[in-house]
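Participant: For reference, the sequence and a predicted model appear below.
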Amino acid sequence: MKILLLAGAVALACTSAPSAGQIRLPPVKDWYGSTIPGDASALVDKDGKPIDLTNPLPVTGRQELVTLATANTAAPAATLYGGSYILNQACSAYGSVTLRYRSPDGATMLPLTTKSAPDSGGGSTIQFGTAQVVDVALSGTTGCNVTLSRVP
């Protein structure tokens with residue numbers, strides 16, 4: 001009898017309302033159309049929305065295109081996701097296009113590569129760590145556009 005009472009108490013505790021520290025999610029549909037209660041273990045995306053048929057997990061790599069210069073005007077420094085990138089630059093007239101990265105001191109921008117002519121073959125591949133800050137310095141160029149495209 002004591003075991004039966006204990007089992008009933010445990011079952012009641014498992015089905016009780018969530019405590020103040022718990023988050024109660026709305027019900028979601030699983031891949032087969034069944035409803036999963038909101039207090040069941042569920043995955044949520046970066047915006048806090050439940051992962052379901054209408055909001056699936058991404059299946060491709062993160063896409064990122066960073067514009068570093070447009071019409072010979074350098075953009076502010078940008079923080080990258082990280083990984084492999086392709087540097088593309090196209091200028092009406094070349095002086096030098098210098099891709100720079102922020103040094104560990106957090107203030108100094110150090111040169112990484114300098115281009116004085118267009119790339120043959122579609123750009124240069126460069127690796128960056130997570131959250132690396134980059135910018136471009138233009139000198140003696142006209143009509144210059146510079147982009148970094150992440151390779152997924």
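Facilitator: That came through, no problem. Numbering: from 1, shown residues only.

Participant: what bridges to Val44?
Facilitator: Val44 has the following beta-bridge partners by DSSP bridges: Pro50.

Participant: Run a quick neighbour tally on it.
Facilitator: Neighbour count of Val44, defined by other C-beta atoms under 10 Å: 13. Placement of C-beta: from N, CA and C, glycine included.

Participant: for the one 10 residues further on, same thing?
Facilitator: Burial of Thr54, expressed as a neighbour count using other C-beta under 10 Å, amounts to 9.

Participant: Tell me where the chain has helices.
Facilitator: Along the chain, counting by DSSP state H, helices occupy 2-14.

Participant: Tell me where the model's unsure across it.
Facilitator: Within the chain, the segments meeting pLDDT under 70 span 1-32, 35-43, 45-46, 57-61.

Participant: Do a quick rundown of the strands in this structure.
Facilitator: Counting by DSSP state E, residue ranges of the strands within the chain are 28-29, 35-36, 65-70, 73-74, 78-79, 83-90, 96-102, 109-115, 124-128, 133-139, 145-150.

Participant: Which of those sits closest to Thr54?
Facilitator: Of all the strands of the chain, strand 28-29 sits nearest to Thr54, with 8.1 Å by C-beta to C-beta.

Participant: Quick check: buried residues in stretch 130-143?
Facilitator: Within stretch 130-143, the residues scored as buried using 16 or more other C-beta atoms under 10 Å are 132, 134-136, 138, 141.

Participant: List the contacts of that stretch.
Facilitator: Contacts to stretch 130-143, defined as C-beta atoms under 8 Å, 6 or more residues apart in numbering, come from residues 66, 68-69, 71-72, 74-82, 91-102, 109, 111-112, 128, 144, 146, 148.

Participant: Return a selection command, for use in PyMOL, containing the buried ones of those residues.
Facilitator: Applying 16+ other C-beta under 10 Å to the contacts of stretch 130-143, the buried members can be selected in PyMOL as follows:
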select buried, resi 66+68+69+80+91+94+97+98+99+100+101+102+109+128+144+146+148
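
Participant: about what we covered before: looking at the strands of the chain, which is closest to Lys49?
Facilitator: Among these, the nearest to Lys49 by C-beta to C-beta is strand 28-29 (9.4 Å).

Participant: what's near enough to touch Ser84?
Facilitator: So Ser84 contacts 125-127, 150-151 (C-beta under 8 Å, 6+ apart).
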